[in-house]
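S.K.: Kindly return the folded structure for what I paste below:
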Amino acid sequence: MRTIRYIIQKEFIQVFRNKRMMPIIFVVPIIQLLVLVNAATFEMKNIRMAVVDLDLSGSSRGIVSKFEGSPFYEITYTSFSVGEAVDQVQQGKTDMVMVIPQDFEKNLVRENNGRVQFIINAINGASAGLMNAYSTQILMSYNRDILFEWLTPAELSGIRAIRSENSYWYNPKLNYKTYMVPGILVLLVTIIGFLLSGMNIVREKEIGTIEQINVTPIRKSQFIAGKLIPFWIIALFELAFGLIIGKLVFNIPVVGSPWLIFLSGAIYLFIILGFGLLVSTMTSTQQQAMLVSFFFMVIFILMSGLFTAVESMPQWAQEFNRINPLAYFIRIMRMVMLKGSTLQDISEPLISLGIYGAVVISLAVRRYRKVA
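M.R.: Next up is the predicted model:
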């Protein structure tokens, strides 16, 4: 333990002496958290809409006013030509077109049937689906309004309709930031731990101090432990600081036990730091270490369920996530923070992380060759 303590002390001295390293560790993650939580969202606002109102009736103006009053839409173009409005979409100046045909109000009054056309830019399929859903909801709201306006209470009572009331668990306000912050915290802790540990031993190789360490009687396990523990402590501090920022800035609930979060984070970080040290033992320069780390990071992040639900991925991708540590920890973070899950609820992914960490660190120790 005494030998490991001296190695840890050396690592902390090196970290705090490096003035360029301090902003990367303590400032960049906070900026990334504040930016990513606001940017990484599937919610759409300020949808640019072009309106082609060929009816110019009170009913058509009522529909347009409904969209104008919505926080999701911004009417940026009006015309009496469908072709001109579609050209705006093709030029990227608007996202969708709403066409209200002639005799819309007359058909609505006489035949109880009115048609509205939406022309949506569907290059991004997810965005197009959201725009269609938002637009349909607004039309349904308008339809309810005219029913109450045109029909008497007696007529309304004769209309049989199925009404549903929704109650959302764990995120009742459907705030997307509440869903994203736990995942973004995992991402930031992973980046810090993976990259810093991945370049650690390589930096010793580049500056030539690795040879001095190799001629000492320090065992491989002691050397790896001394390299791992400082960044493990720093990453846990980053996690704590991120939780505080998430609570103060975004008012993110922490329903479950914070100690359970840190227990899971401590186990998870052994995996990430072990991966970084494993990469560090396999590369010769910091540039190589960064490229290899970036390769694995991109795959792990995109398939972790941070942005896309794992259940909606192909079966082979779901099977791949059995070896993706980010998928386990993001699941644990969301369960504990938002659902208040207990140790028993997260025991399965937690045990998987523990086994994963033991295997990765063992490989890092075995892969490091102490050559005098």
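
S.K.: Distance from stretch 350-361 to the middle of the chain?
M.R.: Between the centre of stretch 350-361 and the centre of its chain there are 24 Å (C-alpha atoms, centre = their mean, to the nearest Å).

S.K.: Oh, that last question was meant for stretch 219-234, not what I typed.
M.R.: 30 Å.

S.K.: May I see the buried residues of it?
M.R.: With burial defined by 16 or more other C-beta atoms under 10 Å, the residues of stretch 219-234 counted as buried are 222, 223, 224, 225, 226, 227, 228, 229, 230, 231, 232, 234. Bear in mind the C-beta positions are built from the backbone N, C-alpha and C, glycine included.

S.K.: what about the fifth one, distance to residue 327?
M.R.: What it means is residue 226. 30 Å (C-beta to C-beta, to the nearest Å).

S.K.: Give me the number of neighbouring residues for residue 31.
M.R.: Residues near residue 31, counting by other C-beta atoms under 10 Å, number 10.

S.K.: I should have written residue 218 there, sorry.
M.R.: By other C-beta under 10 Å, the burial measure for residue 218, its neighbour count, is 16.

S.K.: and it, what pLDDT?
M.R.: Residue 218 carries a pLDDT score of 73 in this model.

S.K.: swap in the one 10 residues further on?
M.R.: As predicted, residue 228 sits at a pLDDT of 82.

S.K.: Is it located within a strand, as I assumed?
M.R.: No. Going by DSSP: H, G, I helix; E, B strand; the rest coil, the assignment for residue 228 is helix, not a strand.

S.K.: I'd like the numbering to begin with 25 instead of 1 from here.
M.R.: Okay, using 25 as the starting number, the last item reads as residue 252.

S.K.: Could you look up the SS state of residue 126?
M.R.: Once three-state DSSP is applied, residue 126 turns out coil.

S.K.: how about the nearest residue to it, chain neighbours excluded?
M.R.: residue 78 (4.8 Å; C-beta to C-beta, 6 or more residues apart in numbering).

S.K.: my guess is the one you found contacts residue 124, does it?
M.R.: Yes. Between residue 78 and residue 124 there is a contact under C-beta atoms under 8 Å: 6.2 Å.

S.K.: Tell me which of the two has more neighbours.
M.R.: Between residue 78 and residue 124, residue 124 has the larger neighbour count (other C-beta under 10 Å), namely 22 against 16.

S.K.: give the contact list for the more buried one.
M.R.: Applying C-beta atoms under 8 Å, 6 or more residues apart in numbering, one finds that residue 124 lies in contact with 75, 76, 77, 78, 79, 84, 87, 88, 140.

S.K.: How much space separates residue 339 from residue 345?
M.R.: 11 Å.

S.K.: neighbour-wise, which of these two wins?
M.R.: A side-by-side neighbour count of residue 339 and residue 345, using other C-beta under 10 Å, places residue 345 first with 18 against 7.

S.K.: So what's the residue count around the residue lying closest to that one once chain neighbours are set aside?
M.R.: The spatially closest residue to residue 345, leaving aside those adjacent along the chain, is residue 351, at 4.3 Å (C-beta to C-beta, 6+ apart). Residues lying near residue 351 (other C-beta under 10 Å) number 22.

S.K.: Over to residue 218?
M.R.: 24.

S.K.: So which helix or strand of the chain has the lowest pLDDT on average?
M.R.: helix 177-181 (a mean of 57; mean pLDDT, DSSP states H and E).

S.K.: Which SSE is immediately downstream of that helix?
M.R.: Next along the chain after helix 177-181, taking DSSP states H and E as the criterion, comes helix 200-222.

S.K.: and the end-to-end length of stretch 92-110?
M.R.: Stretch 92-110 has an end-to-end distance of 20 Å (criterion: C-alpha to C-alpha, to the nearest Å).

S.K.: My reading is that residue 137 lies in a helix. Confirm?
M.R.: No. Counting by three-state DSSP, residue 137 is not part of a helix but coil.

S.K.: Surely it is in contact with residue 130?
M.R.: No. Contact criterion C-beta under 8 Å: residue 137 and residue 130 do not qualify, at 10.7 Å.

S.K.: Comparing the two, which shows the higher neighbour count?
M.R.: residue 130 (13 against 7).

S.K.: What is the helix or strand containing that one packed up against?
M.R.: Following DSSP H and E, one finds residue 130 within helix 128-135. Helix 128-135 is packed against helix 82-92, with contacts defined by 3 or more C-beta pairs under 8 Å, 6 or more residues apart in numbering; DSSP states H and E.

S.K.: how big is the angle separating the next helix or strand after the helix it packs on from helix 82-92?
M.R.: Using DSSP H and E, the helix or strand that directly follows helix 82-92 along the chain is strand 97-103. When axes from the mean of the first three to the mean of the last three C-alpha atoms, to 10 degrees is applied, the directions of strand 97-103 and helix 82-92 differ by 140 degrees.

S.K.: got the buried residues for the helix or strand just after strand 97-103?
M.R.: Remark: after strand 97-103, the chain's next helix or strand is helix 106-114, criterion DSSP H and E. By neighbour count on 16+ other C-beta under 10 Å, the buried set for helix 106-114 is 106, 109, 110, 111, 112, 113.

S.K.: distance between helix 106-114 and the chain's centre?
M.R.: 34 Å.

S.K.: That helix packs against which elements?
M.R.: strand 71-77, strand 97-103, strand 120-124, strand 141-144.

S.K.: So residue 55 versus residue 209, what's the distance?
M.R.: Distance, residue 55 to residue 209, by C-beta to C-beta: 14 Å.

S.K.: repeat for residue 166
M.R.: From residue 166 to residue 209 the distance is 41 Å (C-beta to C-beta).

S.K.: Of these two, give the one with the bigger neighbour count.
M.R.: Each of residue 166 and residue 209 has its neighbours counted (other C-beta under 10 Å); residue 209 has more, 27 against 18.
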